[in-house]
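Pasted the sequence and its predicted model underneath.
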2 protein chains.
Amino acid sequence: MVLKNAWAMKGHAFVREDVAIGEDGLIAEAAGGETIDCAGCLVMPALVNCHGHTAMTLVRGLGTGLPLQRWLNEAIFPVEAKMTPGDIACGMTWGALEMLAGGTATVADMYDFPEAGAAALSQAGMSGNLCRVGLDFGGGNPPGRLEECVKFVAAPQPANIVADFCLHSEYLTTPGFCRALAEANQKFRRPVHVHVSETALEHAECIERHGKTPMRYLCDLGVFDYGGYAAHCVYVTDEDLALMREKGVTLVHNPTSNLKLGSGVAPVAKALAMGVNVALGTDGCASNDNLDMFEEMHLASLLAKGMAKDPTVLTAWEVIDMATVNGAKALGYADRGAIAPGMRADLAVVDLKKFHLDPVLDLANLIVHSMHASDVAMTIAGGQVVYDRGRFPQLDVDAARAGFEASVKRLFAR
Amino acid sequence: MVLKNAWAMKGHAFVREDVAIGEDGLIAEAAGGETIDCAGCLVMPALVNCHGHTAMTLVRGLGTGLPLQRWLNEAIFPVEAKMTPGDIACGMTWGALEMLAGGTATVADMYDFPEAGAAALSQAGMSGNLCRVGLDFGGGNPPGRLEECVKFVAAPQPANIVADFCLHSEYLTTPGFCRALAEANQKFRRPVHVHVSETALEHAECIERHGKTPMRYLCDLGVFDYGGYAAHCVYVTDEDLALMREKGVTLVHNPTSNLKLGSGVAPVAKALAMGVNVALGTDGCASNDNLDMFEEMHLASLLAKGMAKDPTVLTAWEVIDMATVNGAKALGYADRGAIAPGMRADLAVVDLKKFHLDPVLDLANLIVHSMHASDVAMTIAGGQVVYDRGRFPQLDVDAARAGFEASVKRLFAR
């Protein structure tokens, strides 16, 4: 396949070059087969969403405006308790449709019933890093959870799905559980997905309990011996950031969710200046309330500038890297997040013929500050067209909608 | 005309009621004529953009990342100096296309050559409050400006255009000019459009120069004797807010622009609590970089919650009011911003059949946190369909594009 007549993002530049995709699904120097006219379009790497609870599409916007603990206890948890693997599959498929239509081809997902989620995500043509959520409320409760985490990582996965370890957080696990998970990971050497220092309370209580910050605590227990991706990091200290760089832990910035829940703003500019890898995530769409990675780019740029009171903070390219190549690096992929021969052909084709994208004085700036998910015309994953101007060649959208709406109806039945 | 089968926003509720539009362009109890099926759609009041420099579409994103003074002096001003009335018309039309396609039907605009802007805006079917920008660098320079301001306010305007007075700001005018403008306005009694306390520097320098805040200074000179709409207000004090309530001055929040330029965040929640009218604006799209009022709603909600570290701050309805009825009130319109018999039929029809708008658990929340300008299917202004799923019945988009692109080319020619 060859994408013709587009502006292609190559490194930190835009060039008028065809993008060729070989039969192996990788970007090639040249290729035969179908030619797709991309005149008036931008071809950029597909986006990487580094922190999601994708099936929360089922509870989109639920409990908005409640204080955090009431939001969880009164709105979210009671509905989540009713969710079956079938619901998770429907919610995951629905989220995959939204993400693919918005140029996102990879997601790091943390939610219950990951087997069901993995199957649905794979079927939609997306890539994902999934996990069984590591939890220990104390005394080995829920029972057998560590074994389930290990079993999931060791199990064969469907196409384009990678199994990672996950610790929900310091506050929903015990030191013994963390240590055991770290030990189990010595065999698999996977990056670990964790919520870290999302709220001031969580950060302070960890220091009270353990005499150290969540990041220091997790590192000391070996959790990040093979790297990891730490969602939120709103309250990480300078020392935490130094540790993250040393251990290869990515700061996954979730600007929308952190604002909506009243948590705060992660120190992204400082993290980048200290050499920490910074990626972006949407979080679940009860606290967002969509899965639009362009919105996360936009917000990441604006917040960094607004908080520093300095418009020179965070360049457009730094933000684009966060949503593409840094995200790929966070999840352990050396083969995506950029357009170059040999890289996996995960691409977003963006229609520039829009009122709000004209004139093109600075295309990197347009991507970060003007573009919307809805400007994506086509998404290609592993060389396959998975989204094409409203159509999903590999998915029955009507069936997905019927399944999703039936799940929603059942979950909210009185 | 009758809009059938939609969810209609009536006050702070959504009801399954037809929306009838009479031949006078007002919402009616019942009406004949064309029936439009709006199944699966929301009908809401069209949005009111209370602060724009719309023709800055011509310089979209120009100079992003430069510090404020260099951004103005090196990027924006040199290009603006080349703009002709023809350029302003092209830039205004282009901005009107973007706004109409995103459900915005009224804009308060502050820019050069307002006659050209007014004609273009009116022709596109939008409403606008325009002005000749009040400036006085000292010694009556630029000469004759006050007379130009008065002449513009006194002149007949094209359909749906209202002429207001405008002071650029405290720092680009003199006390004498402010006083003279206030006096001239005693005849017209119009609200006055002003930039107020956008940056910390501007706020502090005013106090140094005059011993009072910009808001106190402007009020003391009589500028707001007939109300006004004050853009930005990032640094207004509690005393300023009390004055604004007393004088009927609207705080026009421009969250995107204030973040992107590193200015800060206006105290919106406090202003609302003190009874100040708060509306929303996009500002010019060199500091935004689009004219998407849904994005401003989204950001207003998120920032208020994130800055207060409290997810209960600013309800979705408070934010929707800011973008609709509060904006109408700011500009002196009692007849728009809500759906009720006798109100002007300025409506946005939003397609809810989108992945990111399903399920509809809380429609007000979806509007603020999930919706994009691109979800707008149809915009009606004064009872006329001005935008309908990609088409503009009253405008030749190809001609608009040709004119706009020719202006851009000329302005950036070396």
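Alright, I've got the coordinates.

make it CA atoms for all contacts and neighbour counts henceforth
Noted.

for the record, mean pLDDT for stretch A:90-107?
For stretch A:90-107, mean pLDDT rounds to 98.

which residues touch residue A:114?
For residue A:114, the contact set (CA atoms under 8 Å, 6 or more residues apart in numbering or on different chains) comprises A:130, A:131, A:132.

OK, contacts around the last one?
In other words, residue A:132. Residue A:132 neighbours (CA under 8 Å, 6+ apart): A:110, A:111, A:112, A:113, A:114, A:148, A:149, A:152, A:165, A:166.

what's the spacing between the first one and chain B?
Okay, so that is residue A:110. As judged by CA to the nearest CA, to the nearest Å, residue A:110 and chain B stand 20 Å apart.

cool, the fifth one as well?
When CA to the nearest CA is the yardstick, residue A:114 and chain B sit 22 Å from each other.

Which pLDDT value belongs to that residue?
For residue A:114, pLDDT reads 98.

try the first one
At residue A:110 the predicted local confidence, pLDDT, stands at 98.

Next, count neighbours for the spatially closest residue to residue A:60 that is not a sequence neighbour.
Excluding the flanking residues, the one nearest residue A:60 by CA to CA, 6 or more residues apart in numbering or on different chains is residue A:286, at 4.5 Å. By other CA atoms under 10 Å in any protein chain shown, the residues close to residue A:286 number 25.

Read off the pLDDT value for residue A:286.
pLDDT at residue A:286 comes out at 90.

got it, and residue A:36?
For residue A:36, pLDDT reads 97.

Now for it: which residues touch it?
Residue A:36 neighbours (CA under 8 Å, 6+ apart): A:1, A:2, A:3, A:4.

ok, 7 Å please
For residue A:36, the residues meeting the contact criterion (CA atoms under 7 Å, 6 or more residues apart in numbering or on different chains) are A:2, A:3, A:4.

lowest average confidence, helix or strand, in chain A?
Lowest by mean pLDDT, DSSP states H and E among the helices and strands of chain A is helix A:68-70, with a mean of 85.

Of all the residues in the stretch 51-200 of chain A, which one is nearest chain B?
residue A:65 (4.5 Å; CA to the nearest CA).

That residue and residue B:314 touch, don't they?
No - using CA atoms under 7 Å, residue A:65 is not in contact with residue B:314; the gap is 8.2 Å.

What parts of the stretch 1-150 of chain A come near chain B?
A:58, A:60, A:61, A:62, A:65, A:66, A:67, A:94, A:97, A:98 (CA under 7 Å from any CA of the partner chain).

Skipping adjacent residues, who's closest to residue A:390 in space?
Residue A:390 sits nearest to residue A:101 (CA to CA, 6+ apart), 7.4 Å away.

Three-state assignment for residue A:118, please.
Following DSSP: H, G, I helix; E, B strand; the rest coil, residue A:118 is assigned to helix.

Which pLDDT does the model give it?
For residue A:118, the predicted pLDDT is 98.

and residue A:94, how far is that from residue A:404?
Distance of residue A:94 to residue A:404, computed by CA to CA, to the nearest Å: 7 Å.

Between those two, which is the more surrounded one?
residue A:94 (28 against 25).

show me the contacts for the more buried one.
A:57, A:400, A:404, B:355.

10 Å instead, please
Listed by CA atoms under 10 Å, 6 or more residues apart in numbering or on different chains, the contact set of residue A:94 reads A:54-58, A:88, A:120-121, A:124, A:397, A:400-401, A:403-405, B:355-356, B:358.

Now a PyMOL select for only the buried ones of these.
Here is the PyMOL command that picks out the buried ones among the contacts of residue A:94, judged by 16 or more other CA atoms under 10 Å in any protein chain shown:
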select buried, (chain A and resi 54+55+56+57+58+88+120+121+124+400+401+403+404+405) or (chain B and resi 355+356+358)
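
ok, back up a step: residue A:77 is in contact with the residue nearest to residue A:60, correct?
No - using CA atoms under 10 Å, residue A:286 makes no contact with residue A:77, being 11.6 Å away.

Which neighbours do the two have in common?
residue A:71.

can you give me the helices for the stretch 51-200 of chain A?
Secondary structure of the stretch 51-200 of chain A (DSSP state H, counting those that start in this stretch): helices located at A:68-70, A:77-80, A:85-101, A:114-123, A:145-154, A:175-188, A:200-210.

So which of those helices is the most surrounded?
helix A:85-101 (a mean of 26; mean count of other CA atoms under 10 Å in any protein chain shown).

just the angle between it and helix A:114-123, please?
30 degrees (axes from the mean of the first three to the mean of the last three CA atoms, to 10 degrees).

Now do the SS call for residue A:234.
With three-state DSSP as the criterion, residue A:234 reads coil.

Report the spatially closest residue to it, excluding sequence-adjacent ones.
residue A:266 (3.8 Å).

Now for the one you found: which residues touch it?
Here residue A:266 is in contact with A:197-198, A:232-236, A:251-255, A:258, A:300, A:303-304 (CA under 10 Å, 6+ apart).

who touches both of residue A:65 and residue B:314?
Contacts common to residue A:65 and residue B:314, judged by CA under 10 Å, 6+ apart, are residue B:305.

Quick one: end-to-end length of stretch A:108-122, please.
First-to-last residue span, stretch A:108-122, CA to CA: 13 Å.

That one: how far from the chain's middle?
For stretch A:108-122, the separation from the chain centroid amounts to 13 Å (computed by CA atoms, centre = their mean, to the nearest Å).

ok, now stretch A:376-390?
18 Å.

Wait, residue A:26 touches residue A:338, no?
No - with contacts defined as CA under 10 Å, residue A:26 does not count as touching residue A:338, sitting 11.5 Å away.

so where is chain A shaky, pLDDT-wise?
For chain A, not a single residue meets the criterion pLDDT under 70.
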